[in-house]
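In: Take this sequence and fold it.
(2 chains)
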Amino acid sequence: MPRSTPQDILAGQLDALLRTAYRLANNHEDAEELVQETCFRLLRKRQALAKHPNPRGYIFASLYNLAKDRGRRASSAPQIVSLPNLGEEYIPAGPVKVDLPDIVANSLDEEVEAALEEMGTEYRTALLLREVEGFSYAEIAEALGIPPGTVRSRLARARSFAAARLEEYARKRGYLGESNKDSADPPRRETS
Amino acid sequence: MTARPPCPEWEEQLSALHDHGGKPAAALEKHLEECPACRQALAAHKTLGMRLRTLRTPAVAESREAILAELEKPGRGRQRFASVLIAAAAMVLLAALYSLLVNAPADASGRDFGGYFEIASLQEQESFESGDPSALEQWCAEQLGFEPRLPSWPWADWKSARLCSIDGEKVAVFRLMADGQYASLFIHPPMAEPPGMPTRQQPYISEQGGYAAVCWQEDGFEYILVSSVQQAGLFGRLAEI
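Out: Numbers count the residues shown, from 1 in each chain, chains lettered A, B, ... in the order given. Predicted structure coming up:
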């Protein structure tokens, strides 16, 4: 079987890269730029990409590191956040489709997006790579530059936090009673 | 129905069970039988996963198509060589300025040097001083895992080597003296040569802020030499090579 070229490998990950970049950058323009730059950088290292034992992890490591670099540079600048244009074309995030009226789906999306926003980037990225892109722990470890054991704990904390937040939103909307107000602190950057 | 957080001691195992499926370990299975909060947390993980997978992400089809088109062009990536070099040159210009700053007289320390602190990490990098180019190459090989080959410039007086990171890539930086002035030579790791690319290019020269950089490729390495624009002679020597 012929080996995939670096271009093929990248093309196969493009939608996932765009989805993840959007969650890292929080706006379309920066997400596009991030993906373009990631692709160009990887093409400059095409030999390393072609030979890498974990190409998906390697590709997303490049994206994640680039986003982190840009985040550091922009941390002192005002943040520009553009809201999604609902009339624009959307990529379904995964194979599961739920047939809900748009207004209900949008409302549910907002809750999940708010929970994602509140957690640190490293937790959000690990969670999305696992749940949306179906990455293995090894691939997430490669992408985020952390040991697989840390992936496991990061995912657990991210999930607990998101569950607590979603419950809190549900309570605010009156779907749940007020009896239990346990909630988690947002998981933030680990210090080492 | 309200949820309590899962028991902290089982939190990771519940998350891993959600990810990997299968039959839980006996201890966890027993705990799940007894703990409604953990059972509920496991169910919440499934719900969260579904909600994340159905989360609608704005996508820009045009962008995807444009990127795909770029990827399909043979040799793409190298075509951005000049712009990448300009970016790298900008970084090394800052590095050169920084180098001047760390050697600046004490009375300059209170001045505002704007964004130059961005490359302050250079100061933390290990360095190695030697006038022997082979020793400098060897030191870099030990640090980087590849051996950057220094050019055979009879007019260059090699001073030191150190490492820095530009755009996440480790780069070897060599200090040299030529015509009585310092210059810095940055060498990128070797990269694959796409078919049809020449092994050597005409030096690309950019000037900015009183400094100049000349960039070229050789033997799969990318070289960037930064120095003062006053050193026209230095760049003239390179152009003759």
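In: Now for chain A, the helix or strand with the poorest mean pLDDT.
Out: strand A:90-92 (a mean of 42; mean pLDDT, DSSP states H and E).
In: before we move on, what about chain B?
Out: helix B:121-124 (a mean of 38).
In: Run through chain A and note the low-pLDDT ranges.
Out: Scanning chain A for pLDDT under 70 picks out A:1-3, A:72-108, A:173-192.
In: How many residues are close by the residue in it positioned nearest to chain B?
Out: Of all residues in chain A, the one sitting closest to chain B is A:Leu43 (2.9 Å; CB to the nearest CB). The C-beta positions use only the backbone N, C-alpha and C, and glycine is treated the same way. By the criterion of other CB atoms under 10 Å in any protein chain shown, A:Leu43 has 24 neighbours.
In: Does the top helix by length along chain A reach chain B?
Out: Ordering each helix of chain A by length in residues (DSSP state H) puts helix A:148-172 first. Yes: shown here: helix A:148-172 in contact with chain B (CB under 8 Å from any CB of the partner chain) through A:152-153, A:155-157, A:159-160, A:162-164, A:166-167, A:171.
In: for the helix or strand following the least confident helix or strand of chain B, packing partners?
Out: Remark: after helix B:121-124, the chain's next helix or strand is strand B:127-129, criterion DSSP states H and E. On a contact count with 3 or more CB pairs under 8 Å, 6 or more residues apart in numbering or on different chains; DSSP states H and E, strand B:127-129 meets helix B:133-144, strand B:157-166.
In: Which one, of the ones you listed, ends up nearest to A:Ser136?
Out: strand B:157-166 (28.1 Å; CB to CB).
In: ok, that closest one: who's next to it in the sheet?
Out: Note on strand B:157-166: by DSSP bridges, its sheet partners are strand B:127-129 (antiparallel), strand B:169-178 (antiparallel).
In: Domains in chain B, by residue range?
Out: B:10-53, B:80-240 (automatic domain parsing).
In: Report whether the shortest one contacts chain A.
Out: Yes: residues of domain B:10-53 are located near chain A by CB under 8 Å from any CB, namely B:11-12, B:14-16, B:18-19, B:41, B:44-45, B:48-53.
In: What's the mean pLDDT across that domain?
Out: Domain B:10-53 carries an average pLDDT of 90.
In: contacting residues around A:Gly12?
Out: Shown in contact with A:Gly12 (CB atoms under 8 Å, 6 or more residues apart in numbering or on different chains): A:Ser4.
In: Need the phi and psi values for it.
Out: Backbone geometry at A:Gly12, expressed as degrees, to the nearest 10, gives phi -70, psi -20.
In: circling back to that earlier point, the residue of chain A closest to chain B is in what secondary structure piece?
Out: Using DSSP H and E, A:Leu43 falls in helix A:28-44.
In: Name the residues of that helix that are buried.
Out: Across helix A:28-44, burial judged by 16 or more other CB atoms under 10 Å in any protein chain shown covers A:28, A:30-44.
In: same thing with stretch B:10-23?
Out: Neighbour-count burial for stretch B:10-23 [16+ other CB under 10 Å]: B:Trp10, B:Glu11, B:Glu12, B:Gln13, B:Leu14, B:Ser15, B:Ala16, B:Leu17, B:His18, B:Asp19.
In: which ones are touching the second one?
Out: If I follow you right, that is B:Glu11. Applying CB under 8 Å, 6+ apart, the residues contacting B:Glu11 are A:Ala156, A:Arg157, A:Ser160, B:Pro5, B:Ala41.
In: Quick check: the third one touching B:Pro5?
Out: By that I understand A:Ser160. Yes: the criterion here is CB atoms under 8 Å, and A:Ser160 meets it with B:Pro5 at 5.8 Å.
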